[in-house]
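# with the input below, show me the fold.
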Amino acid sequence: QVRLVESGGGLVQTGGSLRLSCAASGRTINTKTMGWFRRAPGKEREFVARIDQSGSSANYVDSVQGRFTVSRDNAKNTVYLQMNSLTPEDTAVYYCATERTYWSLSYTDWRQYDNWGPGTQVTVSS
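Predicted structure coming up:
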């Protein structure tokens, strides 16, 4: 069983940056596609980004394309989400998870993921 723990969230002003980490323990995630999701107050869980096992391919939701970058360090069993040019609309709890089926076509569907971490709060002030 893989255990994921997110960190790096916090309070930042509009235009600022944060780097989230998702550290895995228990088992390696090196063979897994890893996803980032977020849930804003009163909203549904939303796909943010995912990265393949090698780190060579990634997908992003349109609203973060060009501002967020997902990466991974398989030696550290950790995935990252670099978030730049943050806006109040990015305020949410951010979660990482492992994709059930490798590089699925349904990658924006949260039900395609498991081993969810507890999340880390990101708050962007205006």
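# C-alpha only now, for contacts and for neighbours.
Fine.
# return the distance of the residue nearest to the spatial centre of the chain relative to Ser126.
Residue closest to the mean C-alpha point of the chain, counted by Cα atoms, centre = their mean, is Trp36 at 2.3 Å. Note on Trp36: its distance to Ser126, by Cα to Cα, to the nearest Å, is 24 Å.
# what does Trp116 give?
With distances defined as Cα to Cα, the gap from Trp116 to Ser126 amounts to 30 Å.
# so between those two, which is more surrounded?
Between Trp116 and Ser126, counted using other Cα atoms under 10 Å, the more crowded position is Trp116 (20 against 11).
# surely the more buried one touches Cys96?
Yes: under the contact definition of Cα atoms under 8 Å, Trp116 touches Cys96, with a separation of 6.0 Å.
# find the residues that touch each one of those two.
Common neighbours of Trp116 and Cys96 are listed as Leu4 (criterion: Cα atoms under 8 Å, 6 or more residues apart in numbering).
# list the contacts of Phe37.
With Cα under 8 Å, 6+ apart as the criterion, the residues that contact Phe37 are Arg45, Glu46, Phe47, Val48, Ala49, Tyr94, Tyr95, Cys96, Trp110.
# the nearest residue to Met83 once chain neighbours are set aside: neighbour count?
When the adjacent residues along the chain are set aside, Met83 lies closest to Phe68, with 4.5 Å between them (Cα to Cα, 6 or more residues apart in numbering). Taking other Cα under 10 Å as the neighbour definition, Phe68 ends up with a count of 20.
# got it, and the one 4 residues further on?
A count of neighbours around Arg72, defined by other Cα under 10 Å, yields 22.
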